[in-house]
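*Asks:* model the structure of this input:
(chains A, B, C and D)
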4 protein chains.
Amino acid sequence: MASVTVVGASGYLGSELLRILVNHPKVDKIVAVSRTYAGKPVSSLHKNLLGVFDQEFVDLDLDRIDTDLAFFAAPPGEWFAKLPGVLDRGVKAITLGGKFRIKDAAIDKETYGGYENPELLDERVYGLPEIYRKEIKKARFVTNPGCYATSVILGIKPLADFKDSIDLQKVAITAVSGTSGAGATPSEKMHHPEVSGNVRPYNTTFHRHTPEIESILNESFKKLRISFVPVVADIKRGIVASITLYAHSLDADLTKHYRSHYKTEPFVRITPEVPEMANVVGSNYCDISAAYDPKIKRILVISSIDNLLKGGSGQAVQNMNIMMNYDEKEGLHMLGGHP
Amino acid sequence: MASVTVVGASGYLGSELLRILVNHPKVDKIVAVSRTYAGKPVSSLHKNLLGVFDQEFVDLDLDRIDTDLAFFAAPPGEWFAKLPGVLDRGVKAITLGGKFRIKDAAIDKETYGGYENPELLDERVYGLPEIYRKEIKKARFVTNPGCYATSVILGIKPLADFKDSIDLQKVAITAVSGTSGAGATPSEKMHHPEVSGNVRPYNTTFHRHTPEIESILNESFKKLRISFVPVVADIKRGIVASITLYAHSLDADLTKHYRSHYKTEPFVRITPEVPEMANVVGSNYCDISAAYDPKIKRILVISSIDNLLKGGSGQAVQNMNIMMNYDEKEGLHMLGGHP
Amino acid sequence: MASVTVVGASGYLGSELLRILVNHPKVDKIVAVSRTYAGKPVSSLHKNLLGVFDQEFVDLDLDRIDTDLAFFAAPPGEWFAKLPGVLDRGVKAITLGGKFRIKDAAIDKETYGGYENPELLDERVYGLPEIYRKEIKKARFVTNPGCYATSVILGIKPLADFKDSIDLQKVAITAVSGTSGAGATPSEKMHHPEVSGNVRPYNTTFHRHTPEIESILNESFKKLRISFVPVVADIKRGIVASITLYAHSLDADLTKHYRSHYKTEPFVRITPEVPEMANVVGSNYCDISAAYDPKIKRILVISSIDNLLKGGSGQAVQNMNIMMNYDEKEGLHMLGGHP
Amino acid sequence: MASVTVVGASGYLGSELLRILVNHPKVDKIVAVSRTYAGKPVSSLHKNLLGVFDQEFVDLDLDRIDTDLAFFAAPPGEWFAKLPGVLDRGVKAITLGGKFRIKDAAIDKETYGGYENPELLDERVYGLPEIYRKEIKKARFVTNPGCYATSVILGIKPLADFKDSIDLQKVAITAVSGTSGAGATPSEKMHHPEVSGNVRPYNTTFHRHTPEIESILNESFKKLRISFVPVVADIKRGIVASITLYAHSLDADLTKHYRSHYKTEPFVRITPEVPEMANVVGSNYCDISAAYDPKIKRILVISSIDNLLKGGSGQAVQNMNIMMNYDEKEGLHMLGGHP
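*Replies:* Predicted coordinates:
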């Protein structure tokens, strides 16, 4: 049995962590840390948890985290400086922010402003089990992938076997997302009347998941470069990524290839038809379809996840399960409904 | 361990039954019956279940149901005639349609066209555990309540203690519901462009849940009469009922009273603030608030459920748990997310 | 031709005023006042107006308003003190906030904190043309009704002819509204992920439109008292009010009665079926149905408007048309679409 | 003044035509043709038109159309055979279906099953005023473009000046659309619970607008080939197309170029920021942004329209205005609101 701390428990990723952990058969203690809400019942903010998780938020000095594992779902702040100390006291750590995702210091500097504790970079493991399961198993510090990054990397990775046939400089991605990805802090952009009945492309010149995606995929593809167009829609959860690549030829049944590539993966499903968002929302699955159209030389990959589960807290718990040597699906059997 | 048959497995209530049962620790066999979809993978229709429930729909002769329990989620049809036989072979039955909910034959005749097998009426138990748990425990045949009925009955029942103070002829209910309550069959009224951006009162002169609500509540209230205005909104799941009653005086803290009334109930939560739909969607909870305003002599009860869970398949499994002597919460620990 | 100033042009009511006025055949000059956005193109905020209204917001000293008429759509602020001066310079004024709607000083004090310039109360006219058209025609200062108030008052007013049959103390209203009614300022309550997929009753103990509704209706009903339950739904525009009253008897065809009551009204439609929100959104119409059910002694009125048009800026322009002696429908022919 | 017939007046494009025409200052007679609804008030189906358009649907023999112009918004049927006769009697015609859009008989055969009256092909004009205004002016028969086609063609056309720099074989389009584009007939795919909270790519292997787009654009581009991924979202109206092209170099400010290209167009707006759907819904505008990113050699065009207006009935009326020598904006001044 494990004890777990959730730093940043008031946000949406924190909320989802608590929702999963409270029903996780291997977790017997949860500490919900939030400076802002300290002293208030968790269920006064996350009202779905009323009667299920009747603790209060606490304002814990991070130097005093003493659980087996800690999730850091808070925005970058003082906990960065304290992370080495936390690890040194034997607490495993999973961070859910952008920091630490990009290993290249120069790119990170541009993207997230640089590291305060670069010494951690050597040991941090990128928490995408479908690629780094072995490393995660041994890690004491895992950086959880971004939501868009998860859907796009899982969608493209199996194509590495065909990388010589593919125009790696022309990978066009348009990904539609729910609004929860923007977090719990109100803003004009995410004010309900501004999103209701609307579909809005944003950050089309640069999105911080772009270098994350490229850096991970280029461990195998080497020179892949993506065009990434995120689009927010009038829903709260879920991502569907439409990924277009070009191959002068491709002598393979991509459905079979993807099935084979992911055949032992517990949370990737190759769907007989094109995925739609509603099939994965509420679950930790990533649904993927892939097809090559020789007439237009196009590979079309559609990849869909729940941004807060496989794209966030679900994947973080999956990583926890691996790090703690639990069954990887433990606590993650939830399914979204139809409808 | 139990084996279970789901008749009408292609509809939305059937879909939700499968989603719950597939993760239910006491269920080891599920038969998904659908004449229309027989031979097709269940996951080709309920795509959320891909990789989780890899059986096909079967077109089972109901005379041959041989599981411990059967859910009848299909629209009224031939299974009505076969129900006595099913029960006689020792199969417990839970029906999820309107038939059998109303015990008064004359009212049923008006509402649902009358019973083909009235002999079952004597033994059928109305499956609202908060009122009839004891009877459900001993029953071999339970009729599951309607969705609106569940939210309204649970909201009003605790007021029976004050019934002499209440104007029982003037109970005004307006209940907002998602579209899944109308079922999986396409219609003009539920065509997406007709509901998107819309809020639509309907069946304002008569809704079939009205006699159901009155008949159950009047076992304690005797002369209660409701005005019921259902309203469909641009969401797929959930009900929020706004229930207005009038009392010339009322000398009680209703929050305390409701807390006390439901204190041992696993699936009723008395909320510190007025319930909102999103807190219960995805769970089997019924959230309720109640307050008396002496200035306007008004009791306002707000009651909210997921129409497909506590208002349908969740409650049906709750009934199954009771009938099978399982822990009542078995398989029903799912929670909706925030957000 | 008229020149018009819009104070508070950056908000949603301001936005809608501009959208109407820019196509109004009798308006040849519009001044869009916003301190916050002064110097920025109006279309950088209200992007629907790009290419249509290519002016900038200005930070106008209100002492210098010199148009024929001014709309005050800003939150209460310094303009209150300046209103008398504005009027004295011959500028007609229409206010769109809560201030001035309630004539009773004590109730206003409780509701809106009291008047700074009570001398204006004697002359202010409540801008509901269906009741006060004659007074509006002669007014130099009109206070525009609240959105809920418009739908509820128009829905109940024709029942004054039957007031002796009605239980005036038991008027139960539940009204579902879009989120734009809460204004353009972001908040946690109106953060998109908190509203998406949700339906939420709010302000159930007190809403500021309650005394407004009662005070206007009681000019004819005398002792009417309402229970008012506002509910926010996952849409941006529109109100549907479900209004339940009780009458021991009622010897009239309410549809005919309402048709007759409103027969000369350009913006009230008595619908053959129960109104739904989508039919009025985008237009200045108020759609109403009314029916008496002798079995349960219930009068059910359903009333629906676009909260920003008939419930806000549309009605304000209707008032302007009356005050300026224009055709009352001028500039207000817009219709919502189907779908 | 013109008299106008709308064939297929019961569908969504018919509905929008009526809504526009009823306020069109140059239209004095409208005949609403629907075989299915003949004899019923138009406002019993299009309830937004109650009190505004109080005629009935008629079941008109098309041989007897005697108005100045007729819109054919019905699904392909007998009217195809009668079209030549209609034209010969001096009635101008605008068709809103797929038939006649594709001039190449072989491609049309594949796409729409071939023409019954190919002799009309020589004279039909493709009704995109931004390209074919001159021809439309002289035409008696105009085929109105598809909704996706309108947004994509307007988005790409100005790039013809740079076609030698662009990789014309790798044009990746993902376009998000509301559900009204699928028409008024209920279906499982468009059943509200199946779309609510969902985002769904569809027809990813072939969409009928693809050959339409390519054939029109290739009049200037010659060898352009598109990958087209349509996506349906949980909204009823609007299209946002994300269009990715690649150019090895591009020595131009695309915003300026697009502004210049469309500078005299009344219904195209080049936006300072990336367009979002809500800014055009309710209006006849097409909002476009275009930018070249030399780092990734990408041209990104975002193009947004209301699928039922500029992508349907609005554009049809624009064509009517041109054919009838009216001001092109007549009847089309409507704007969507903010919010």
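*Asks:* stretch A:238-245 close to chain C?
*Replies:* No. Counting by CB under 8 Å from any CB of the partner chain, chain C has no neighbours in stretch A:238-245; the shortest distance is 11.0 Å. Any C-beta I mention is one placed from the backbone N, CA and C, and that applies to glycine too.
*Asks:* alpha carbons of that stretch, as CSV, please.
*Replies:* Coordinates of each C-alpha in stretch A:238-245 appear next as CSV, following Å, rounded to 0.1, in the frame of the first residue of the first chain:
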residue,chain,number,x,y,z
GLY,A,238,-11.1,15.5,-24.7
ILE,A,239,-8.7,15.8,-27.6
VAL,A,240,-9.0,14.6,-31.1
ALA,A,241,-5.8,15.1,-33.2
SER,A,242,-6.0,15.0,-37.0
ILE,A,243,-2.5,14.2,-38.2
THR,A,244,-1.6,14.3,-41.9
LEU,A,245,1.7,13.0,-43.2
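*Asks:* centre of the chain to it, how far?
*Replies:* Here stretch A:238-245 is found 15 Å from its chain centre; the criterion is CA atoms, centre = their mean, to the nearest Å.
*Asks:* does any bit of that stretch sit next to chain D?
*Replies:* Yes. Applying CB under 8 Å from any CB, one finds stretch A:238-245 touching chain D at A:238, A:240, A:242, A:244.
*Asks:* distance from the centroid: which residue in chain A tops it?
*Replies:* residue A:295 (34.6 Å; CA atoms, centre = their mean).
*Asks:* please enumerate the strands of chain A.
*Replies:* A:2-7, A:27-33, A:69-72, A:92-95, A:125-126, A:141-143, A:171-177, A:199-201, A:226-233, A:239-246, A:268-270, A:286-293, A:298-305 (DSSP state E).
*Asks:* quick one: closest of these to chain B.
*Replies:* Chain B lies closest, by CB to the nearest CB, to one member of those: strand A:268-270, at 5.0 Å.
*Asks:* which secondary structure elements does that closest one contact?
*Replies:* helix A:254-261, strand A:286-293 (3 or more CB pairs under 8 Å, 6 or more residues apart in numbering or on different chains; DSSP states H and E).
*Asks:* which positions in the last one come out as buried?
*Replies:* Of the residues in strand A:286-293, A:286-292 count as buried by neighbour count, 16 or more other CB atoms under 10 Å in any protein chain shown.
*Asks:* closest to chain D out of those?
*Replies:* Nearest member of the buried residues of strand A:286-293 to chain D, counting by CB to the nearest CB, is residue A:291, at 7.1 Å.
*Asks:* ok, the nearest residue to residue A:322 once chain neighbours are set aside - how many residues close by?
*Replies:* Nearest in space to residue A:322, with sequence neighbours left out and distances taken as CB to CB, 6 or more residues apart in numbering or on different chains, is residue A:136 at 4.8 Å. Using other CB atoms under 10 Å in any protein chain shown, residue A:136 has 21 other residues around it.
*Asks:* again, but for residue A:205
*Replies:* A count of nearby residues for residue A:205, using other CB under 10 Å, gives 10.
*Asks:* could you check the angle strand A:171-177 makes with the longest helix seen in chain A?
*Replies:* The longest helix of chain A (DSSP state H) is helix A:209-221. Computed by axes from the mean of the first three to the mean of the last three CA atoms, to 10 degrees, the angle separating helix A:209-221 from strand A:171-177 equals 130 degrees.
*Asks:* buried set for helix A:209-221?
*Replies:* Buried-residue list, helix A:209-221, by 16+ other CB under 10 Å: A:209-217, A:221.
*Asks:* how about stretch A:294-301?
*Replies:* A:296-301.
*Asks:* hmm, that stretch touching chain D?
*Replies:* Yes. Against chain D, stretch A:294-301 shows contacts by CB under 8 Å from any CB at A:296-298, A:300.
*Asks:* which outside residues touch that stretch?
*Replies:* A:155-156, A:159, A:166, A:241-250, A:254, A:288-293, D:169, D:172, D:204, D:225-227, D:229 (CB atoms under 8 Å, 6 or more residues apart in numbering or on different chains).
*Asks:* is chain D contacted by stretch A:330-339?
*Replies:* Yes. On the criterion CB under 8 Å from any CB, stretch A:330-339 is in touch with chain D at residue A:339.
*Asks:* what distance separates that stretch from the centre of its chain?
*Replies:* 17 Å.
*Asks:* next, the distance between the ends of that stretch.
*Replies:* With CA to CA, to the nearest Å as the measure, stretch A:330-339 spans 25 Å from end to end.
*Asks:* just to revisit the earlier point, ok, and what's touching the longest helix of chain A?
*Replies:* Outside helix A:209-221, the residues that reach it (CB under 8 Å, 6+ apart) are A:98, A:101-104, A:107, A:110-111, A:126, A:128, A:131, A:145-149, A:152-153, A:156-157, A:160, A:163, A:168, A:224-226, A:228, A:230.
*Asks:* mean confidence for that helix?
*Replies:* Averaged across helix A:209-221, the pLDDT comes to 97.
*Asks:* over to stretch A:324-339?
*Replies:* Mean predicted confidence for stretch A:324-339 is 98.
*Asks:* what are the buried residues along it?
*Replies:* Neighbour-count burial for stretch A:324-339 [16+ other CB under 10 Å]: A:324, A:326, A:328, A:330-332, A:334-339.
*Asks:* can I get those residues in TSV including distance to residue C:51?
*Replies:* Formatted as TSV, the buried residues of stretch A:324-339 follow (distance: CB to CB, whole Å):
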residue	distance to residue C:51
A:324	59
A:326	59
A:328	55
A:330	57
A:331	54
A:332	51
A:334	48
A:335	48
A:336	42
A:337	44
A:338	44
A:339	40
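*Asks:* tell me the one of these nearest chain D?
*Replies:* Nearest member of these to chain D, counting by CB to the nearest CB, is residue A:339, at 3.6 Å.
*Asks:* list the contacts for the nearest residue to the closest one once chain neighbours are set aside?
*Replies:* Closest residue to residue A:339 apart from its sequence neighbours, by CB to CB, 6+ apart: residue D:193 at 3.6 Å. Residues near residue D:193 by CB under 8 Å, 6+ apart: A:339, B:12, B:178-180, B:184, B:190, B:236-237.
*Asks:* so how do I select the buried members of the contacts of stretch A:294-301 in ChimeraX?
*Replies:* Here is the ChimeraX command that selects the buried residues among these (16+ other CB under 10 Å):
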select /A:155,156,159,166,241,242,243,244,245,246,247,250,254,288,289,290,291,292 /D:169,172,204,225,226,227,229
